[in-house]
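Peer 1: What shape does this take:
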Amino acid sequence: MFLVPIEEKEEYKNKIPAFSEKNLPENFKNNAGKYYCPMFCEGDKVYDSNVGCPICGMDLVKIPSKNPENDEDDTFKILRKKFIIALFFTLPVFVLSMGSMWLKFPFSEKIGGWFQLIFTVPVVFFAGWFLMKRGWNSFKTWNLNMFSLIAFGCAVAFLFSIIALIFPEILPHEFMHNGKIPLYFESVCVILSLVIMGQMLEAKAHKKTGKAIEELIRLSPDTANILIGEIEKKIEISEVKIGDILRVKPGEKIPTDGKIVSGNSSVDESMITGEPIPAEKNAGDRVIAGSINGNGTFLMKTEKIGDETLLSQIIKMVNEAGRSKAPIQKLADKISKIFVPAVIISAVLTFIFWMIFGGENGISYGFVNAVAVLIVACPCALGLATPMSLMVGIGKGAKNGILIKNAQALETMRKTDVLITDKTGTLTEGNPSLDHIEIFENEDKNEILKSAASLNQNSEHPLSKAVLDYFNKKNGLRQAQPDNSENFVQTDKQIQFDKVENFENIPGKGLKGSIEGNEILFGNKALLTQFGIEIPSDFKEKIIEKTVSYFAKNGKVSAMFGFSDKIKLSSKKAVQFIQNQGIEIIMMTGDGFQTAKSVAAELGIENFKANCFPEDKLLEIKKLQDEGKIVAMAGDGINDAPALAQSDIGIAMGTGSGIAIENAEITLLKGDILGVVKAEILSRALVKNIKENLFFAFIYNTLGIPIAAGLLYPVFGILMSPMIAAAAMSFSSVSVILNSLRLNKVDLEIG
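Peer 2: You can find the predicted model right below:
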């Protein structure tokens, strides 16, 4: 089998998005280093800094320069610095505000209030100022979101606290408790610090696409060996032209896409196909840039260069998929669109009501009560509701081998309609193993195995390693462990390999050597053909759905070795559970049809697709998303990177490639698809917990706003007491924290 470049498959023409400099909007080319909204909410408008999109609130993306490798988006570093500063100043404010209940400070409460103001200023006007600007922008465009709520509540609480500190005499005595007016500086600092922390974690997750692209770029070699006549010359990869003849030596990365014109070898194309067994390449077969040559040497003719190579296409797909994701609208944002206008309307109505019916002090009472409504609405518990659940949920996942880089993905996991999964390394172990030896006539199986192992000990081929593993386990030199470790067990039994003479590694075909004067061959059908050896008819009838190598002795086939990629023990249980949740599973693999069919049948997967390229998986996900489905993708290879980036929830096996992990929101450290089950259970528990927290947060506002508006004044003659406000706010926040901690008790195991 050989790979067909994307451009030669008609159905993919004009479907692969490009992101290179020449394809950027004209306005972007002249604004390198500035920022734009990846959703293009305001067309191709650019911004001087990452202040967040004024329409959707999403983090902006930096416009690349002509040399994108030198670009570095410092958003995460900046936010981390701001979070540290916010935390540094928030702690003393919190101690000064709440500590008076247990500690006696050596200064007056008035002085303590001034200290709180001084420590709050850097939090509001430096660390959290970008959040206030985002809130202001949301009001200007009337695209209300969580930032509207945060900025509005913090601004009102901050201004009221300053008035209460400097001019307490203008406030009605009903607002006093034990002779003092309450200050809300600590609420402002805590809320802003929490939101900055959330933004910092989000920015860290956004860096994954850039890192993945850097790793992909490193796959391509910097130089190539060009053949000009009989002279070989090393040149920069940028100097290679279509039609050039290049020499690829053992162990080198293939420099461009092209076709072999002379020679043969085995090539590791797992980065593209996911197949663990190297592809055997002969004259006329195509090779791909970035794949790794085996032991052979061959000449190739360049057919694709630069942006046209398949590796570059993958880079483009990864970049485009990572930037094309729409932001997931959080529940708090949806509530904010209703809650913020409702609070403002309540405050205005409170002022009007008191102005009309409040008597000679109606305007004064109206103003104070309107401010009280706005302060009560300050989202202290709301600021904790989602972050607390996420922090506990992410910690719970980490303890169970589930690393979550994107909290939104964990929230979305429960909504999954379709799980697309790779085969190799995801459902299977990802390494070929010898599991079947067919002996011809009355040959001695043990002798054949020993001779095959003796010959294969001289090769680094994955199939050779599988033969040696099988031989060692068979003879007690190595004990198979449940975790697939390869620790040798020392025994008294010593196995001596046969002495091999005239050893020869025949690239792309197999091995040849002499043992005790007998000529031994071990390899594929092409090796037998080269030496004029026929495959016995009995073997032709017994050919199994596996990778096959033949053992021949003195010109006659003696045995057939069958290799396969074993299914992980936990895969069947995980697949069954996922399907029982109503989630459709589609297996997409670069392996051949028969292998894919066999694995799918054993696992009970009805829908599968074989011979898949990276763009096949990407386009399948886009198709399903266009149908309105939420798609999760589980994979472990470089070939899975575009699909992982495009999917709603990318799930990478921790045992796979770094590029796959960088493009995934969730990484399963054990490389076990059973982790998908645990993530799904955790997601359901998390969302339920967040909704409960929001209930605790808003029940306080539901009760507090009418009281703050003066509902109890006509009957009881009281306005909102700071003691009641503080108790209600504390109870709401404590309820949220305690409820979030319940996530630690969620059982993620299945029977």
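
Peer 1: chain center to stretch 503-521, what's the gap?
Peer 2: Relative to the mean C-alpha coordinate of its chain, stretch 503-521 is positioned 46 Å out (CA atoms, centre = their mean, to the nearest Å).

Peer 1: Contacts for it, please.
Peer 2: With contacts defined as CB atoms under 8 Å, 6 or more residues apart in numbering, stretch 503-521 is touched by 263-266, 280-282, 294-298, 451, 454-456, 458-459, 464, 498-502, 522-524, 526-528, 530-531, 533, 549-555. (Each C-beta comes from the backbone N, C-alpha and C, glycine too.)

Peer 1: which stretches of the stretch 301-450 of the chain have low pLDDT?
Peer 2: When residues are selected by pLDDT under 70, those of the stretch 301-450 of the chain lie in 313-336, 360-361, 363-364, 367-368, 371-372, 375-384, 406-407.

Peer 1: Kindly report the same for the stretch 1-150 of the chain.
Peer 2: Regions of the stretch 1-150 of the chain meeting the criterion pLDDT under 70 cover residues 1-33, 37-44, 49-59, 61-73, 99-102, 145-146, 149.

Peer 1: Do you have the helices of it handy? List them.
Peer 2: 26-29, 75-98, 109-122, 129-141, 146-166 (DSSP state H, counting those that start in this stretch).

Peer 1: and the fourth one, what does it pack onto?
Peer 2: Contacting helix 129-141 under the criterion 3 or more CB pairs under 8 Å, 6 or more residues apart in numbering; DSSP states H and E are the following elements: helix 146-166, helix 185-206.

Peer 1: With the longest one instead?
Peer 2: Using 3+ CB pairs under 8 Å, 6+ apart as the contact definition, the elements that helix 75-98 packs against are helix 109-122, helix 185-206.

Peer 1: Only whichever of the contacts of stretch 503-521 are buried, select them in PyMOL.
Peer 2: Listed next is the PyMOL selection for buried residues among the contacts of stretch 503-521, using 16 or more other CB atoms under 10 Å:
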select buried, resi 263+264+265+266+280+281+282+294+295+296+297+298+451+454+455+456+459+464+498+500+522+523+524+527+528+533+549+550+551+552+553
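
Peer 1: Just the ones of the contacts of stretch 503-521 in strands?
Peer 2: If you go by DSSP state E, these have 263, 265-266, 280-281, 298, 500-502, 522-523, 549-553 in strands.

Peer 1: Most widely separated two among those residues?
Peer 2: Phe298 and Lys553 (29.5 Å; CB to CB).

Peer 1: Now do the same for the closest residue in space to Lys450 that isn't next to it in sequence: its pLDDT.
Peer 2: What sits nearest to Lys450 in space, not counting adjacent residues and going by CB to CB, 6 or more residues apart in numbering, is Asp498, at 6.3 Å. Looking at Asp498, its pLDDT stands at 86.

Peer 1: thought Asp498 was touching Ala452?
Peer 2: No - using CB atoms under 8 Å, Asp498 makes no contact with Ala452, being 9.9 Å away.

Peer 1: Can you tell me which of the helices and strands packed on helix 75-98 is nearest to Ile235?
Peer 2: Among the helices and strands packed on helix 75-98, the nearest to Ile235 by CB to CB is helix 185-206 (37.2 Å).

Peer 1: you'd agree Thr350 is up against Tyr365?
Peer 2: No - Thr350 lies out of contact with Tyr365 (CB under 8 Å); the separation is 9.4 Å.

Peer 1: in the stretch 151-300 of the chain, which ranges drop under the pLDDT threshold?
Peer 2: 171-181, 198, 201-218, 270-277.

Peer 1: Please report how far Gly393 lies from Ile150.
Peer 2: Distance of Gly393 to Ile150, computed by CB to CB, to the nearest Å: 22 Å.

Peer 1: I meant to write Val557 there.
Peer 2: Look at Val557 and Ile150: by CB to CB, they are 75 Å apart.

Peer 1: Comparing the two, which residue is more hemmed in?
Peer 2: Neighbours per residue (other CB atoms under 10 Å) separate Val557 from Ile150, with Ile150 holding more: 27 against 19.
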